[in-house]
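Undergrad: I'd like to go over a predicted model; first the sequence, then the structure.
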Amino acid sequence: MTRKTTTTEKRLLLIPVENQVRELDPKLLLACIAARRGFSSIVGSRRELEFRIDSYPKSIYLSKSMTKRSFLFFRLAKKFDHEIVTWDEEALVHLPQDTYYSRRLHPDAIRQVSHLFAWGQDNVELWRHYPHLPDNLPIHGVGNPRIDMLRPELQPFYDDEVQALRDTYGDFVLINTNFNHVNAFGEDMNLFQPVKNPGETAKFGRAAKGMSREYAECLWNHKHAVFKDFQELIPKLDRALPDLNIVIRPHPTERHDAYNDIAARCSRVHVTNQGNVVPWIMASRAVLHNGCTTGIEAFLLGVPGISYRASISETIDNGFYRLPNAVSHQCFNFDQLQDMLKQILAGTLESTGDDERQALVDHYLASLSGPLSCSRMVDVLESMANDGKDPSGPSQIERLQRRLIAGGYHLYKRIKPKLPGSHNRPTFQRHRYPPIPLETIQVKIERIQGILKDNTPLKITQLSDVLFQISA
């Protein structure tokens, strides 16, 4: 007999994590805040969590995208009575409107969603103008858990890591790269696939899906130019600033080869993707980037951010990368950059236009003060969990259908990683989400509860080496 969910019993939250170093800490924060409000959450690898979707009781699935791939999974999840709530990890620094729509939103996927969580007002407006937005679909401008971790009250979460990084690297500049469009982990993941013969027209790679060829070529040319700029820049910095270490932090889906080659030729250059980027930003003397979200994070953390723009594309810089470039100091050649870094190290760099920058950030990001984004999200989730809906359990025929669907899905998930060009190759999945010990999760949650002054006893259950259940 199927047990019915009562209106007083909170549904399970399914919180998938795709890039561990970027998403895990903020989603553990969300799970902790949800736990003290009576929710149990499963947090961990998106692939593993989705693979087990038929094994969970009726739940709320917190998706991070609404693409065509998402639609296929949403349909399956709803077959098992799960409700879909979504935000978009890529909607803060986003592509121009039409390109964003074709790449990041799928009309059928968004129709499967019951609530949308937006980063801020810009994101709300972006979605409201989407031609296929369902009538009356609620959009909540609540912010994002990643931004909660940057607020002053949460920054102590990273104190130990910050001190350890300073002890290890001393004074260092952090170079955050975002060349995953042209230097991706797999060549098929770039904007364009390699051509086999000279003169051939390159086929789209995975990163170009949803783009016009004109825009993809513009982005490809610009990213290649900036990638070259940074490869030339790093050895110059190594020679010009002998008292400053340089830490290169590649995008989570980038190859490291080019950076390792540079580091091998330099004396103070280090390449790493260890841990969340936030303590690295906090420990650094400055953050160097070009159009990267870490420029926004540096601004919110009060760390000087510099956008190095030796190559310029008005189309890309004023569209795709407007926000991170606008909230950063901008340098257009090496001499300007060298001078600015010397001012930062001497403590003489004057901040200019911070009020304008703050106003811009306030338009893009909600919940920078007052209740945390996570708390506002849980408010919405509580209203869903207590909405009075209490459907009967599935019939025998429905249960049989579900078993057949689950069997087919499991077979598909086992076969897909072995197909040529699969995005689910085991090596790539381990790159994005390596196994993590239970003790590490426990330490993180203890820190979060200490900062929140939350004495709620929590039970942390390890479901696999990449999945954990967090319950009050």
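TA: Yep, it's here. Numbers count the residues shown, from 1 in each chain.

Undergrad: now Arg69: how far from Val85?
TA: Relative to Val85, Arg69 is positioned 17 Å away (Cβ to Cβ, to the nearest Å). Where you see a C-beta, it was placed from the backbone N, CA and C, and this is true even at glycine.

Undergrad: counting by contacts, list what the strand or helix carrying Ala264 packs against.
TA: For Ala264, the host element (DSSP states H and E) is helix 257-265. Packed against helix 257-265 by the contact rule (3 or more Cβ pairs under 8 Å, 6 or more residues apart in numbering; DSSP states H and E) you find helix 213-240, strand 245-249, strand 269-271.

Undergrad: my guess is Leu452 contacts Ala35, does it?
TA: No - counting by Cβ atoms under 8 Å, Leu452 does not reach Ala35; the two are 10.9 Å apart.

Undergrad: so between the two, which is more surrounded?
TA: Set side by side, Leu452 and Ala35 show more neighbours around Ala35, with 25 against 19, by other Cβ atoms under 10 Å.

Undergrad: hang on, the earlier thing: out of the helices and strands packed on helix 257-265, which one sits most buried?
TA: Comparing the helices and strands packed on helix 257-265 by mean neighbour count (mean count of other Cβ atoms under 10 Å), strand 245-249 ranks first with a mean of 23.

Undergrad: for the helix holding Ala264, buried residues please.
TA: By neighbour count with 16 or more other Cβ atoms under 10 Å, helix 257-265 contains the buried residues Ala258, Tyr259, Ile262, Ala263.

Undergrad: what angle separates it from strand 245-249?
TA: Following axes from the mean of the first three to the mean of the last three Cα atoms, to 10 degrees, one obtains 160 degrees for the angle between helix 257-265 and strand 245-249.

Undergrad: tell me the mean pLDDT for helix 257-265?
TA: Helix 257-265 shows a mean pLDDT of 97.

Undergrad: likewise stretch 220-238?
TA: 97.

Undergrad: please apply the same query to stretch 438-445.
TA: 97.

Undergrad: distance check, the nearest residue to Ser63 once chain neighbours are set aside against Asp167.
TA: Distance criterion Cβ to Cβ, 6 or more residues apart in numbering; nearest residue to Ser63, sequence neighbours excluded, is Thr86 at 4.3 Å. Distance, Thr86 to Asp167, using Cβ to Cβ: 41 Å.

Undergrad: check Ala258 too.
TA: Relative to Asp167, Ala258 is positioned 28 Å away (Cβ to Cβ).

Undergrad: over to Ala286?
TA: Counting by Cβ to Cβ - Ala286 and Asp167 are separated by 19 Å.

Undergrad: which one of the two has more residues nearby?
TA: Using other Cβ under 10 Å as the criterion, Ala286 and Asp167 rank with Ala286 on top: 25 against 9.

Undergrad: now do the same contact list for that one.
TA: By Cβ atoms under 8 Å, 6 or more residues apart in numbering, the residues touching Ala286 are Val173, Leu174, Val303, Pro304, Gly305, Ile306, Leu341, Ile344.

Undergrad: ok, of those residues, which one's closest to Phe51?
TA: Leu174 (35.1 Å; Cβ to Cβ).

Undergrad: surely the closest one is in contact with Arg249?
TA: Yes - using Cβ under 8 Å, Leu174 is in contact with Arg249, at 6.2 Å.

Undergrad: common neighbours of these two, please.
TA: Trp280.

Undergrad: if we can go back for a sec, more neighbours: which of Arg69 and Val85?
TA: A direct count of neighbours by other Cβ under 10 Å for Arg69 and Val85 places Val85 higher, at 21 against 13.

Undergrad: is it correct that that one falls within a strand?
TA: Yes - under DSSP: H, G, I helix; E, B strand; the rest coil, Val85 sits within a strand.

Undergrad: check which helix or strand the residue nearest to it when sequence neighbours are not counted maps to.
TA: Once flanking residues are discounted, Val85 sits nearest to His115: 4.7 Å by Cβ to Cβ, 6+ apart. Counting by DSSP H and E, the element that carries His115 is strand 113-118.

Undergrad: neighbouring contacts of that strand?
TA: The contact list for strand 113-118 (Cβ under 8 Å, 6+ apart) reads 63, 66, 74, 83-87, 91, 124, 127, 137-142, 144, 366, 377, 380, 384.

Undergrad: narrow those residues to those in strands?
TA: Here DSSP state E is the test, and those give Ser63, Glu83, Ile84, Val85, Thr86, Ile139, His140, Gly141 as lying in strands.

Undergrad: which ones are touching the last one?
TA: Going back to what we said before, that points to Gly141. The neighbours of Gly141, taking Cβ under 8 Å, 6+ apart as the test, are Ala118, Trp119, Gly120, Gln121, Asn123, Val124, Ala366.

Undergrad: next one: it, what pLDDT does it get?
TA: The score at Gly141 is 98. That number is its pLDDT.

Undergrad: skip the chain neighbours and tell me the closest residue to Tyr169.
TA: Using Cβ to Cβ, 6+ apart and skipping the chain neighbours, the partner closest in space to Tyr169 is Asn245 (4.9 Å).

Undergrad: wait, isn't that neighbour in contact with Thr168?
TA: No - taking contacts as Cβ under 8 Å, Asn245 lies outside contact range of Thr168: 9.1 Å.

Undergrad: what ranges does the stretch 301-450 of the chain have for its strands?
TA: Listed in chain order, the strands of the stretch 301-450 of the chain (DSSP state E, counting those that start in this stretch) span 305-308, 329-331.

Undergrad: what about the nearest residue to Pro304 once chain neighbours are set aside, distance to Leu244?
TA: The shortest distance from Pro304 to any non-neighbouring residue, by Cβ to Cβ, 6+ apart, is to Ala286 (4.5 Å). From Ala286 over to Leu244 the distance is 9 Å, taken as Cβ to Cβ.

Undergrad: same check on Leu95?
TA: Applying Cβ to Cβ, the value for Leu95 to Leu244 is 34 Å.

Undergrad: can you check Val21 too?
TA: According to Cβ to Cβ, Val21 stands 24 Å off from Leu244.

Undergrad: which SSE is Val43 in?
TA: Following DSSP H and E, one finds Val43 within strand 41-45.

Undergrad: tell me the mean pLDDT for that strand?
TA: Regarding strand 41-45, the rounded mean pLDDT is 97.

Undergrad: then stretch 376-394?
TA: 74.

Undergrad: ok, back up a step: identify each buried residue in the strand holding His115, please.
TA: Neighbour counts over strand 113-118 (16+ other Cβ under 10 Å) mark Val113, His115, Leu116, Phe117, Ala118 as buried.

Undergrad: can I get the residues you listed in CSV with distance to Gln193 and pLDDT?
TA: Shown next, in CSV, are the buried residues of strand 113-118 (distance: Cβ to Cβ, whole Å; pLDDT from 0 to 100):
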residue, distance to Gln193, pLDDT
Val113, 32, 98
His115, 37, 98
Leu116, 33, 98
Phe117, 34, 98
Ala118, 34, 98
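
Undergrad: identify, from those, the entry nearest to Glu217.
TA: Comparing those against Glu217 with Cβ to Cβ picks out Ala118 as the nearest, at 30.7 Å.

Undergrad: I'd like to know how far the closest one sits from Pro26.
TA: Distance of Ala118 to Pro26, computed by Cβ to Cβ: 16 Å.

Undergrad: gap between stretch 38-47 and the chain center?
TA: Here the centre of stretch 38-47 is set off from its chain's centre by 16 Å, with Cα atoms, centre = their mean, to the nearest Å.
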